[in-house]
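Undergrad: generate coordinates for the sequence data below:
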Amino acid sequence: MGIIATVLVGLLIISFLSKSTREPQPSSSQDGDAAASTLVYVSDYFSFIGEDDSGHVVFALDNNRGRDGDAWQAEHFVALHDEQQGWTELAGNGEYDNLGKQVLVIPDSPFFQFQGTPATGITIISPPNDVALRVDPIPERLSQEQDEGRYWMGASPAVLDWAGRTLKGRVIYEYLFMPDFNRLTRRYLGLWKEFQGLYASVEGKGDLYVHSQQSPWLTPLVGELAGFAMLDEHPEKLDDLQLNVLSKTQALGFYRWPVQWQGRWAGREGPGSVAIILSDLKVISNWIIGGFALGIIQGEVDYNGRKQIIYGLAELLI
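TA: Residues are numbered from 1 along each chain as shown. Sure thing, here's the model as predicted:
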């Protein structure tokens, strides 16, 4: 028994060390080189839109981490909306210890654990929230590099298990790598300026993503206006994109929330358009002169002679 116990203990130690020292898997060798910087910020954002017989569910998880000198940071932002029940509070929002000093991979926390990578397929597990998200490998649909910074987006099929339900849908994924920058430890005037991110599933089979923003810090890397779509199983960038806010509602401060949009673009099969209306606005933060909120979006895409229904999430930083 002594020999068997020793062998078992040895195997457990090897297993523990292999998990604790997992090699970083950066999105590019450029990211790996720049990660040596003593000031760096990385974000992986997953926006899931799916449905079952009980209706739609939207699940968003933003995973941010950084380094500032000898200090390492990590935080989650998580939200979930059920079409019937509305917004549901989940555990895990906020900062947590980045014990492994990781920026190239998402550090595990007591609330969320990660297996795999976005490029090869990733599973996100949260026992405290009764959540498991399984995402297929995510191909790049939109990408940009600036100096040593990198930004890319993509989308793929995914399945969300939550509270006894299994929802099939899509994930829109956003990756941001910025050296010589760390919003978790430093203040940047005008970092968020009129940011409107619209993440939508097109009838559960495709995607539509559009962002509009005016931040001088983010524009060189992510652009002021950009988007991509997966329509009729054909991915494409939204060229000559226009996005107009048709109406706004007054916030509790000196600003207003956009609640209706009209978008147009030039596609592979000709001109496309989308009409979007926001509902169920959830204000996360209010700074009197601006704020951060989430909302549910619904509308219709008109492209290549077809009209298709969309459903998804709006992220607003005004």
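
Undergrad: use CA for all of it now, contacts and neighbours both
TA: Noted.

Undergrad: distance of the most centrally placed residue in the chain from residue 175?
TA: Centroid-nearest residue in the chain: residue 45, 2.3 Å away (criterion: C-alpha atoms, centre = their mean). Distance of residue 45 to residue 175, given as C-alpha to C-alpha, to the nearest Å: 6 Å.

Undergrad: ok, residue 154 next?
TA: Where residue 175 is concerned, residue 154 sits at a distance of 9 Å (C-alpha to C-alpha).

Undergrad: for those two, indicate the residue with more neighbours.
TA: More crowded of residue 154 and residue 175, by other C-alpha atoms under 10 Å: residue 154, with 24 against 19.

Undergrad: please name the bridge partners of that one.
TA: residue 140, residue 173 (DSSP bridges).

Undergrad: same question for residue 293.
TA: Following DSSP bridges, residue 293 is listed with bridge partners residue 283, residue 316.

Undergrad: got the contact list for it?
TA: 281, 282, 283, 284, 285, 315, 316, 317 (C-alpha atoms under 8 Å, 6 or more residues apart in numbering).

Undergrad: pLDDT score for it?
TA: As predicted, residue 293 sits at a pLDDT of 98.

Undergrad: do the one 3 residues further on as well
TA: Looking at residue 296, its pLDDT stands at 98.

Undergrad: so it, which state does it fall into?
TA: At residue 296 the chain is in strand, as set by DSSP: H, G, I helix; E, B strand; the rest coil.

Undergrad: that one touches residue 316, doesn't it?
TA: No: contact between residue 296 and residue 316 fails when scored by C-alpha atoms under 8 Å: they sit 11.2 Å apart.

Undergrad: where do the helices sit along the stretch 201-318 of the chain?
TA: Remark: helices assigned in the stretch 201-318 of the chain by DSSP state H, counting those that start in this stretch are 219-222.

Undergrad: next one, pLDDT for the spatially closest residue to residue 55 that is not a sequence neighbour please.
TA: Spatial nearest neighbour of residue 55, chain neighbours left out: residue 83 (5.9 Å); criterion: C-alpha to C-alpha, 6 or more residues apart in numbering. The score at residue 83 is 98. That number is its pLDDT.

Undergrad: phi and psi next, for residue 83.
TA: Residue 83 adopts backbone torsions of phi -60, psi -30, taken as degrees, to the nearest 10.

Undergrad: can you pull the contacts of it?
TA: 55, 56, 57.

Undergrad: can you tell me which of those residues is nearest residue 37?
TA: Of all the contacts of residue 83, the one sitting nearest residue 37 is residue 57; the distance, using C-alpha to C-alpha, is 38.8 Å.

Undergrad: contacts only, for the closest residue to that closest one other than its chain neighbours.
TA: Excluding its sequence neighbours, the residue lying closest to residue 57 (C-alpha to C-alpha, 6+ apart) is residue 82, at 4.6 Å. Counting by C-alpha under 8 Å, 6+ apart, residue 82 makes contact with 55, 56, 57, 58, 88.
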